[in-house]
Each structure stands twice: as structure tokens, then as C-alpha cells.
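K.L.:
Predicted model and sequence follow; I will ask about them next.
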Amino acid sequence: MSDDSTRLGHALLGREATLSTSRVGRFFSSGRAALGLATTVLRGGRSVNVERLSALTSRLGELKGLGMKLGQILSYVDPNLAPEARALLSVLQTKAPASPAEAVARTLDAAFGDRAAILRAAMEPAPFAVASIGQVYRATLPEAGDVAVKVRHEGIVTAFEADFASVRGGVGLADTMLLGAAASAREAVDEVREVMLAECDFAREADHQRAFGTWLASDPTLIIPSVIDGWSTATVLTTRWEPGDSLDTFLERHPTQTERDRAGEALFRASVGGLYALGRLHADPHPGNFAFRAGRVVLYDFGCVRVFPAPITRALADLVAALRRGDGAGLEDAARRFGFNARTKEQRELLERFTRTFFQPMLVRGPSVMPPDGPVDLQRLVADKLALAKLGLPRHAMFLLRLRFGLYAVLARLGSKLDWGELEMRYSSSSLSSST
């Protein structure tokens, strides 16, 4: 991480800021910050105005909500991003001005009543991480030992609602979050709104975390911090303390290819394997959501998990399998069951182009490294709104696209060299066959 981003991270975590929930205020402030980010980062090429981007990053951290999510996503999905810009935006993965202590106290009191005093006394005074929806404290509880306590930002639900209050105001942010994958502005806003508001429910997140923890309980590589039920509610989530090194620190140690492969396979298993085994897609693979420790990978933050019914996951598995064996009829059948519209010749051609581009790493035979510019062609493709409208991209596919973009980008940074298609087939066949 650069000196500029390190200084910015320390400065952000050292401040407090009351979350703005005004619809009018957020409409203008979020919109202005997003426009500034697009101008400075997306149109700046390989050069970047560090001072301007630092100010924008700081502003996005204060706003939380959609603006901060946008900065997080841009920090790892764009292979053409200048290194200075990537480093500065990556600060938003875990650092932002904290909610004031009195706001945190109100949230704890509302969640636990008289018991809140016990938790407050056990928590360190300052959070060690602040994200777009909550901030995380380290604490030591007599009955649970060392734990991490995530407290939802007071007013964050209202802030999200304000961000989505105007379709015009939310379209740019929502469409960018979905990486251009929505065929219509309304679909982009509706899908992101549903997922972001669900992410504010920590009781729902705890359910996802327990499900992944049970599934991976005996996994030799992946660690899922266990939920401490007695200290978890819809606004507070307490989990076992499971520390580890960041992706940057892991790479700075110059890991061996074996270490890179082990980490990459673990992340692929948690995301793609989780989709097939549980019908739950961990759809927020930014580097702040995992850590590395003694040959293992710790997976955090199960707020952005998209649930898929069994017929959809089976159709997806069949679609990839048909692509790998060059079975046009099988591809069309699986795509229809997945929700694509491919009745005409033009639609069928679009379907093959889209799916082959989307699943390209799965079609390479033998071990391969994810190319650092892997998502670029796919970004161009999903930006073709006319093609997506003709193809009828199903709404439930949007966060699946986001996951693949993010996962490919992280695996490219890791430099893992694996047979990705064989892994996908292994996970899908073993999970789906055992469910029949």
C-alpha cells in the first residue's frame, strides 16, 4: 500500500462523522462525489490526481452507503486503474470516518437493553475497521474470549433509502455497482436496492455466516468466524476473532506458487462452491473481506449474499458444462432454464457470445492464470445495453456477474494457476448430485 493511502487510512479511522440521512443532501452529495470519482478515476487513464482522489475518497467514506460501495468496487475490478488510484480507493474497503461513540452506544442499548453495558465495557474504545454499513470493534467477553463486534451505522437504512429515493439519482451508482450488467436503469436500481437493504440486516447475515460455517467446518483451508448468538441481533453482529494478513501483505511476502494456488482455490471454493452447495453466493469478494493466516484463508462479511433456488443453480451448472463440450442445443436448453431469452437466431448468437465471454476462464483446458485484464472484454460486452435487452438478461444474474468480475480480479492479483473449469465442474457435480 502506498504512503498516500496509508496516511489517508490513518486519517479516516482517526475521525468521527455523523451519517447524513437527508434525501436532498444525499442526492446532491452522493451524485457529486460519484461524478467526481468517474471524472478522476474512470476518465483519468493511468494518471491520477492524488490530492483530488484523496479528497473524494475521504468524502465517500463520510457518506457511507452507495457511494462508498462504489469506491470499494472500483478499487479491485478495473485492471486499467492507476496503481495510485487503486491504493487510495482500497482504503474504503476497511477505513472511513467512524460513527460517533454516542451513536454506537444508542445502537447497543437498543439491541441489548441493560446488557449493553457489559458489551461496551468489553469493547476497545475505537473501531479497527469502518465499512459502508457498519464498523467493527475488537472485544473480549468472559464466555466467548476474543471477538469482533460489528455495529450497524445509525441511520444507514435511511441513508440507503435516500440514495435510492430518485431513480435518476440512483441509476449511475447502481449501474456501476452492477458493472453495467443491467439491461435497464430500473432493473439496476431495484436489484441493488434489494441487496443493499438486505445487507443492513445483521440477523440475516448471521444466518448466512452460520450456513457457510457449517458447510466448511472441516475444510482444511477456509476459516469462517463463528457467530456468537447471545450478542448478535439485526443491528449488532458478534463473531469469533479470526485475524489474518491482508491481500497486500500476503503478496508483499512473495508467496510461492503453491501458496498462491492454495489461496486461490479456497476463494474459488467459497464463492463458486458455495453457490452450488448452498444456493448462496458470497457476492462481495473485495479484498477487505478475507485474510491470510498460516496457509489458510479467513472469510469475513456475509452481508452481501445472494440466494438462488436449486433449479437456477442446476441450470447454471448445465450451461457451463454445455459450453465446455461445445453442445449448442444443451447451451440453449440450460440458458432457457436459467432465464435467458434465446428464441431467435440473433438471440442465440448473442447468448453464445455472452456466455463464452463470461465463462472464458472456465473454458481453458488445464491450469491457467487469470489474465489481469480478464474482465475488460466482459465489461465492454455487458455495457452493450441493446444486446442485453435483446438477450433478456435475467435480474438474478446481475450479482452473479458482479461476483465473477470481482473474483476474477482478485484471482488475477493472487496469480493462482489452476484448472478453473475443472474446479467448477467438480463443485457443481458433487453438490448438485448429492441434492437429488
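P.N.:
That came through fine.
K.L.:
Was I right to think W215 contacts G279?
P.N.:
No: judged on Cβ atoms under 8 Å, W215 makes no contact with G279 at a distance of 11.0 Å. To be clear about C-beta, it is placed using only N, CA and C from the backbone, and glycine gets the same treatment.
K.L.:
what do these two both touch?
P.N.:
Shared contacts of W215 and G279, defined by Cβ atoms under 8 Å, 6 or more residues apart in numbering, are absent.
K.L.:
Would you mind giving the domain segments of this protein?
P.N.:
Domain assignment for the chain by automatic domain parsing gives 3-93, 243-436.
K.L.:
can you list those domains in JSON lines and add mean pLDDT and mean neighbour count?
P.N.:
Supplementary listing: the domains of the chain in JSON lines, determined by pLDDT from 0 to 100; neighbours: other Cβ atoms under 10 Å:
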{"stretch": "domain 3-93", "mean pLDDT": "67", "mean neighbour count": "19"}
{"stretch": "domain 243-436", "mean pLDDT": "86", "mean neighbour count": "18"}
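K.L.:
So which of these is nearest A206?
P.N.:
The closest of these to A206 is domain 243-436. By Cβ to Cβ, the value is 7.9 Å.
K.L.:
Spatially, and excluding backbone neighbours, which residue is closest to the one residue sitting closest to the centre of the chain.
P.N.:
By Cα atoms, centre = their mean, the chain has its centre lying nearest to D284, at 1.3 Å. Counting by Cβ to Cβ, 6 or more residues apart in numbering, the nearest residue to D284 once its immediate chain neighbours are dropped is C304, at 3.7 Å.
K.L.:
Under the pLDDT cut-off, which ranges of the stretch 51-200 of the chain? List them.
P.N.:
For the stretch 51-200 of the chain, the stretches with pLDDT under 70 are 70-83, 86, 88-95, 166-188.
K.L.:
how about 90 then?
P.N.:
For the stretch 51-200 of the chain, the stretches with pLDDT under 90 are 51-98, 129-133, 142-143, 158-197.
K.L.:
in it, which spans are helices?
P.N.:
65-77, 83-90, 101-112, 116-122, 156-163, 167-177, 185-199 (DSSP state H, counting those that start in this stretch).
K.L.:
May I see the buried residues of the shortest one?
P.N.:
It stands for helix 116-122. Judged by neighbour count using 16 or more other Cβ atoms under 10 Å, the buried positions of helix 116-122 are A116, L119, R120, A122.
K.L.:
What I need now is those residues written out in CSV, including distance to R15 for each item.
P.N.:
CSV is the format used below for the buried residues of helix 116-122 (distance: Cβ to Cβ, whole Å):
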residue, distance to R15
A116, 24
L119, 24
R120, 21
A122, 24
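K.L.:
Pick the one among these closest to L108.
P.N.:
Proximity of these to L108 (Cβ to Cβ) peaks at A116, which lies at 4.1 Å.
K.L.:
Leaving out chain neighbours, which residue sits closest to the closest one?
P.N.:
Nearest non-adjacent residue to A116 (Cβ to Cβ, 6+ apart): L108, at 4.1 Å.
K.L.:
Hmm, the one you found is touching L119, no?
P.N.:
Yes: L108 lies in contact with L119 (Cβ under 8 Å); the separation is 6.0 Å.
K.L.:
what residues are shared contacts of those two?
P.N.:
Jointly contacting L108 and L119 under the rule Cβ under 8 Å, 6+ apart are V236.
K.L.:
what are the ranges of the strands in the protein?
P.N.:
Counting by DSSP state E, the chain has strands at residues 129-130, 134-141, 145-152, 222-223, 236-240, 280-282, 290-293, 296-299, 305-307, 368-369, 417-418.
K.L.:
Nearest approach to T357 belongs to which of those strands?
P.N.:
Nearest of the strands of the chain to T357, taken as Cβ to Cβ: strand 368-369 at 15.9 Å.
K.L.:
The closest one - contacts with which helices or strands?
P.N.:
Counting contacts by 3 or more Cβ pairs under 8 Å, 6 or more residues apart in numbering; DSSP states H and E, strand 368-369 is packed against strand 417-418.
K.L.:
F112: what's it in contact with?
P.N.:
For F112, counting by Cβ under 8 Å, 6+ apart, the contacting residues are I118, L119, W231, T233, V236.
K.L.:
how does it look with 10 Å?
P.N.:
Going by Cβ atoms under 10 Å, 6 or more residues apart in numbering, F112 touches I118, L119, R120, G230, W231, T233, T235, V236.
K.L.:
roughly how far apart are it and D163?
P.N.:
29 Å (Cβ to Cβ, to the nearest Å).
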